[in-house]
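*Asks:* sequence plus the predicted model coming up.
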Amino acid sequence: MVYLQLFLGFALLVAGGEALVRGAVSVASQLGVSPLLIGLTLVGFGTSTPELVTSLQAAYGGFPGIAIGNVVGSNIANILLILGVAAVIMPLSIDPVSFCRDGAALAIATMLAVGVILIGSLYQWMGAVLILALLAYLLVAYLSDRATVAASEAPDFPESTSMPGPIWIALGLAFGGIAVTIVGARLAVDAAVTLALLWGMSETVVGLTVVAVGTSLPELVTSVMAALRRESGIAFGNVIGSNIYNILGILGITALVWPIPIPPQIAQLDVWVMSTATIALIVAVVAWRRIGRWTGLVFLGAYAAYNGWLVSGV
């Protein structure tokens, strides 16, 4: 039954990811904003819903390792695994102007996460600061994107992803895709956690690996679908938006609802792996203005090595 649950979860993820990408691109086209902005907001935040639910449940249940490890592990997986897979499928071209804004926001969010984790506990006032930072970023991203689109030609939307008709149909498809991917991820995560605990993995390692990858499955499927449709903005924006939201939104909301201590392992190693992955992403984009196949392979190799180290230390 556990393996059947895994299969059903993955089937729902694929179907939901396809619907989400089609709906999101159509929403961007009809609103006159870039696919990147939709990837950063609607897609990135929507696919991060499993991380939010998981961290809140874990914090309330007294499992700080899973609550914090889920966020840190998801950000590591988003960069090294998801961008790695998407780039191997199709090299991702990055708009350097937009990345100056979003890369800076990601760097600031990552530094805030490092500071919070090194303090040793997640307090309510920290949550308020993180949420205010998220709201400020959203405002800046929206205003700058509208100005950029207005000053240039309309964004190019492939005919295969365009959807004629009222915008509520596209929104319904996008939110429906998010809902289906979340249900699929929940089924897959529950089954995977059951198997991992039976195999003797610790709570923190389960949070950093199985739960982090499981709750990142919506991002993985959505970015892969976007890459197959040559929608670099959706694929890349999905990951960047999700990482920003994971730190500023999920950690912020979790702290406001249920302040928790930081597990020592995360402060000693995992937050530094997250920071290194973020720096590697920024350097790659600044140097080449793209995430190519070789960069994707390096990211995948680094992620495999990191998880191998975690599992071997159980």
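*Replies:* Yep, that arrived.

*Asks:* when you work out contacts or count neighbours from here on, use the C-alpha atoms and nothing else.
*Replies:* OK.

*Asks:* check what pLDDT the spatially most central residue of the chain gets.
*Replies:* Centroid-nearest residue in the chain: residue 242, 3.3 Å away (criterion: CA atoms, centre = their mean). Per-residue pLDDT puts residue 242 at 84.

*Asks:* what does residue 279 give?
*Replies:* Residue 279 carries a pLDDT value of 96.

*Asks:* that one belongs to a helix, doesn't it?
*Replies:* Yes. Counting by DSSP: H, G, I helix; E, B strand; the rest coil, residue 279 is located in a helix.

*Asks:* how close does the closest residue to it other than its chain neighbours sit to residue 168?
*Replies:* Excluding the flanking residues, the one nearest residue 279 by CA to CA, 6 or more residues apart in numbering is residue 107, at 7.9 Å. Separation of residue 107 from residue 168 (CA to CA, to the nearest Å): 34 Å.

*Asks:* higher neighbour count, these two?
*Replies:* residue 107 (16 against 11; other CA atoms under 10 Å).

*Asks:* helix, strand or coil for that one?
*Replies:* Relying on three-state DSSP, one would call residue 107 helix.

*Asks:* so who does residue 122 touch?
*Replies:* Residues near residue 122 by CA atoms under 8 Å, 6 or more residues apart in numbering: 116, 255, 259-262.

*Asks:* dihedrals phi and psi, it?
*Replies:* phi -100, psi 110 (degrees, to the nearest 10).

*Asks:* quick one, grab the pLDDT at residue 264.
*Replies:* Reported pLDDT for residue 264: 86.

*Asks:* now for it, how many residues are close by?
*Replies:* Look at residue 264: counted by other CA under 10 Å, it has 14 neighbours.

*Asks:* how about the one 5 residues further on?
*Replies:* Other residues near residue 269 number 10, with proximity taken as other CA under 10 Å.

*Asks:* I'd like the average pLDDT over stretch 115-123.
*Replies:* Averaging pLDDT along stretch 115-123 gives 90.

*Asks:* what's the span of that stretch from first residue to last?
*Replies:* Start-to-end, stretch 115-123 (CA to CA) is 12 Å.

*Asks:* just to revisit the earlier point, was I right to think the residue nearest to the centre of the chain contacts residue 48?
*Replies:* Yes. In terms of CA atoms under 8 Å, residue 242 counts as a neighbour of residue 48; the distance is 5.8 Å.

*Asks:* quick check: neighbours shared by these two?
*Replies:* In contact with both residue 242 and residue 48: residue 219, using CA under 8 Å, 6+ apart.

*Asks:* among the contacts of residue 122, which ones are in strands?
*Replies:* Counting by DSSP state E, the part of the contacts of residue 122 found in strands is 260-261.

*Asks:* neighbour count and distance to residue 308 for the contacts of residue 122 - can I get that in TSV?
*Replies:* Converted to TSV, those look like this (neighbours: other CA atoms under 10 Å; distance: CA to CA, whole Å):
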residue	neighbour count	distance to residue 308
116	19	27
255	23	30
259	21	31
260	22	28
261	19	26
262	20	23
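
*Asks:* can you redo the contacts of residue 122 as CSV with distance to residue 310?
*Replies:* Output for those, formatted as CSV (distance: CA to CA, whole Å):
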residue, distance to residue 310
116, 23
255, 26
259, 26
260, 23
261, 21
262, 18
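
*Asks:* can you give me the buried ones in the helix or strand containing residue 140?
*Replies:* With secondary structure defined by DSSP states H and E, residue 140 is part of helix 124-151. When burial is assessed from 16 or more other CA atoms under 10 Å, helix 124-151 yields the following buried residues: 124, 126-128, 130-131, 133-134, 137, 141, 145, 148.

*Asks:* repeat for stretch 238-258
*Replies:* Per 16+ other CA under 10 Å, stretch 238-258 contains these buried residues: 238-256, 258.

*Asks:* flag the shaky bits of the stretch 201-314 of the chain, pLDDT-wise.
*Replies:* Where the stretch 201-314 of the chain drops to pLDDT under 70, the residues are 201-212, 214-216, 313-314.

*Asks:* can you show me the strands along it?
*Replies:* In the stretch 201-314 of the chain, the strands defined using DSSP state E, counting those that start in this stretch lie at 260-261, 290-291.

*Asks:* show me what the last one is packed against.
*Replies:* Packing partners of strand 290-291 (3 or more CA pairs under 8 Å, 6 or more residues apart in numbering; DSSP states H and E): strand 92-93, helix 271-288.

*Asks:* each with direction, which strands does it pair with?
*Replies:* strand 92-93 (antiparallel) (DSSP bridges).

*Asks:* now the strand it pairs with: how far from the chain's centre is it?
*Replies:* 17 Å (CA atoms, centre = their mean, to the nearest Å).
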